[in-house]
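> Got a predicted structure plus its sequence, pasted below:
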Amino acid sequence: MKLPSQRGFTMVELMAVVAIIGILAAVAMPSYTRYVVRGNRAAAQQFMLDLATREQQFLADARTYKNSVAGLNMTTPAAVSKFYTITITTSDGPPPTFTIKASPIAGTGQAGDGDLTIDQTGAKTPSTKW
């Protein structure tokens, strides 16, 4: 008499698959996290560049800079405001100056990324993140 063959996976095979998935996840997660941080930073940088352009346009019209996002008739996009606080610091000079600063919000994935700034000359700091 022939016994019916058993189908399925052994415990050893199952544990090998779980171990491989664990190793892949351990390698992929940090890379994915860095990718998300860079993407959020890029969104903030683009918004800061838009603000700087709007500041220059406002200076041409009013001979001064505005010290708030709302004063420039702009709103901070949700993709930026979830991770960064945007502030504008101005000085009447002479010559007038501004500095736009994006500070990561504590408790978000951006918290360890550091501040980003751009000024009226186009100087961007830190240069390693621009």
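That came through, no problem.
> just the helices in the protein please.
Remark: helices assigned in the chain by DSSP state H are 11-62, 78-81.
> Ranking the ones you listed by mean neighbour count, which comes first?
Scoring the helices of the chain by mean neighbour count under mean count of other Cβ atoms under 10 Å gives helix 78-81 as the most buried, with a mean of 15. Using the backbone N, CA and C atoms, a C-beta is placed for each residue, glycine as well.
> tell me how far that helix is from the chain's mean position?
On the basis of Cα atoms, centre = their mean, to the nearest Å, helix 78-81 sits 9 Å off its chain's mean C-alpha point.
> Likewise for stretch 101-114?
Here stretch 101-114 is found 8 Å from its chain centre; the criterion is Cα atoms, centre = their mean.
> Pull out the buried positions in it.
For stretch 101-114, a neighbour-count test (16 or more other Cβ atoms under 10 Å) marks 101-104, 110, 113 as buried.
> could I get those as JSON lines with pLDDT?
Putting the buried residues of stretch 101-114 into JSON lines (pLDDT from 0 to 100) gives the following:
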{"residue": "101", "pLDDT": "97"}
{"residue": "102", "pLDDT": "96"}
{"residue": "103", "pLDDT": "96"}
{"residue": "104", "pLDDT": "96"}
{"residue": "110", "pLDDT": "92"}
{"residue": "113", "pLDDT": "90"}
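> so, if you compare those, which one comes nearest to residue 85?
residue 103 (4.8 Å; Cβ to Cβ).
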